[in-house]
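Undergrad: Got a predicted structure plus its sequence, pasted below:
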Protein chains: 2
Amino acid sequence: MAEARRERADAVRNRKAILAATEDLLTSHPPHQVSIERIAAAAGVGKGTVFHRFGSRTGLMVALMTERATALGEAVADGPPPLGPGAPPRERLLAFLDAVFAVISRNKGLLATLGGEIPAAHGDADADGACPRTSHPVYAAWHAHITALITAERPGLDASTLADILLSPLHSSVIIHDLQRGEGPRVAAAVRVLVAAVLDAPQEP
Amino acid sequence: MAEARRERADAVRNRKAILAATEDLLTSHPPHQVSIERIAAAAGVGKGTVFHRFGSRTGLMVALMTERATALGEAVADGPPPLGPGAPPRERLLAFLDAVFAVISRNKGLLATLGGEIPAAHGDADADGACPRTSHPVYAAWHAHITALITAERPGLDASTLADILLSPLHSSVIIHDLQRGEGPRVAAAVRVLVAAVLDAPQEP
DNA sequence: CGGTAAAGTGGACCGCAGGTCAACTTGGCC
DNA sequence: GGCCAAGTTGACCTGCGGTCCACTTTACCG
């Protein structure tokens, strides 16, 4: 392994240009108006290049999202409390959710776009398809982190489902709309209320 | 108003056939595979008829959703407790959320489809567009009901935002996927835990 | 250095889905 | 029965995601 020079210089440049163009268009237009051709034009490349590098529209979105989420992931793993290790789970959870909503606030309809596209896939198999949780690494990581923190604080709860619920506002066009209108703090505050309440509630047998 | 005989018999029949076909296809195929042409074919009508009666794909979905939600709306307004008037707000809220999740469980990707399509609209205007909450009467009604119940129980909370958050799982493909896999009760239970916790939590100044 | 093969690029092309339309058919009231 | 508007239809348009392959660029190597 460790193959030398695995990516050519112009390829790197174009990849960055495409991601930048995508983000740019996505912050100034509703997602459905941002076609691949527009992205390609804005990035100064051909449409084929976009597909060559990202495979599909969904792949592009996942790549963008992954890049956006990398910093947060590192802060969680290595950074200082309350986000990083060291703080009590309760504080880490609150800080993490704040951070997640902050990321989303800065990236508008990205997750909404993802949420609407990932379930698509392209096969008939759906009875037991493993589409949703495993298909998006960023979502999987966030979900696992929240689940772990809830479990640490309140082992008796259904942490996994609660984690899905706490993340579900990110899929809601209503919430996304609020975030875009600068209501981010308000949403975050409401989520904090929910989390605090559920963590402080008396244990049920 | 009250114009006599404003809808022809065959029109009514076709409208019902289209709605039935849509629901049918939607419960056996992922939303993106349910094209208007397929719906039209399944309903035994021409494609143009679908558009003539519902205006657009989104219009069709809204109509279906509205129909599905009518029974619930009546139960809330006139029905017996705990859903209808009479029970304490806390019980009504829990019952209502249970009912909402039950409706969605039986109608799979419907809301997910809606959530992904409504924010689209078709104009450039988005800075102050009133798209999300007002555009979908069913959502507006549910949101208003939840908000009122929360306010009745805990006036100090940001009931409106909490209502959006409590409804947001309906937009999440992950949650929808769970509902389809029969995890409905588990999701509902987790939501109940959240609601109970937030309603029982000590008031903050 | 210049050759060269692989990596990268671009845009014509395909299939398909949503949406439009103008000609046609049908239901219902006089 | 006859008339007209409401209703229906499917061919057609537009634009999207995605494929393909001939062409260009890069960077390693003798």
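TA: Sure thing, it's come through.
Undergrad: Show me which residues of chain A sit near DNA strand D.
TA: A:4-5, A:8-10, A:35-38, A:47-48, A:51-52, A:55-58 (CB under 7 Å from any atom of the strand). For glycine as for every other residue, the C-beta is placed from the backbone atoms N, C-alpha and C.
Undergrad: Of these, select the buried ones using a ChimeraX command.
TA: Applying 16 or more other CB atoms under 10 Å in any protein chain shown to those, the buried members can be selected in ChimeraX as follows:
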select /A:36,57,58
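Undergrad: The strand or helix carrying A:L167 packs against which elements?
TA: Assigned by DSSP states H and E, A:L167 belongs to helix A:159-167. Secondary-structure packing of helix A:159-167 (3 or more CB pairs under 8 Å, 6 or more residues apart in numbering or on different chains; DSSP states H and E): helix A:137-153, helix A:184-200, helix B:173-178, helix B:184-200.
Undergrad: Show me the shaky parts of chain A.
TA: Along chain A, the parts satisfying pLDDT under 70 run over A:1-5, A:108-135, A:202-205.
Undergrad: That one: helices as residue ranges?
TA: Along chain A, counting by DSSP state H, helices occupy A:9-26, A:36-43, A:47-54, A:57-77, A:89-106, A:110-117, A:131-135, A:137-153, A:159-167, A:173-178, A:184-200.
Undergrad: okay, the helices and strands packed on helix A:159-167, which one's buried deepest?
TA: Burial of these is given as mean neighbour count (mean count of other CB atoms under 10 Å in any protein chain shown); helix B:173-178 ranks first at a mean of 25.
Undergrad: Of all residues in chain A, which one is closest to DNA strand C?
TA: At 1.7 Å from DNA strand C, A:G48 is the closest residue in chain A, using CB to the nearest atom of the strand.
Undergrad: list the contacts for that residue?
TA: Under the criterion of CB atoms under 8 Å, 6 or more residues apart in numbering or on different chains, the contact list for A:G48 is empty.
Undergrad: Likewise for A:A188?
TA: A:97-98, A:101-102.
Undergrad: could those be laid out in JSON lines, adding neighbour count?
TA: Below are these laid out as JSON lines (neighbours: other CB atoms under 10 Å in any protein chain shown):
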{"residue": "A:L97", "neighbour count": "21"}
{"residue": "A:D98", "neighbour count": "18"}
{"residue": "A:F101", "neighbour count": "21"}
{"residue": "A:A102", "neighbour count": "15"}
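Undergrad: Can you verify my assumption that A:V198 contacts A:L157?
TA: Yes. Using CB atoms under 8 Å, A:V198 makes contact with A:L157 at a distance of 7.3 Å.
Undergrad: any shared contact partners between these two?
TA: Common neighbours of A:V198 and A:L157, counting by CB under 8 Å, 6+ apart, are B:V193.
Undergrad: and chain A, which of its residues are near DNA strand C?
TA: Proximity of chain A to DNA strand C (CB under 7 Å from any atom of the strand) is limited to residues A:7-8, A:10-11, A:13-14, A:44-49, A:51-53.
Undergrad: Now the two most distant members of those residues.
TA: Distances among the residues of chain A next to DNA strand C were taken as CB to CB; the most separated pair is A:E7 and A:K47, at 20.5 Å.
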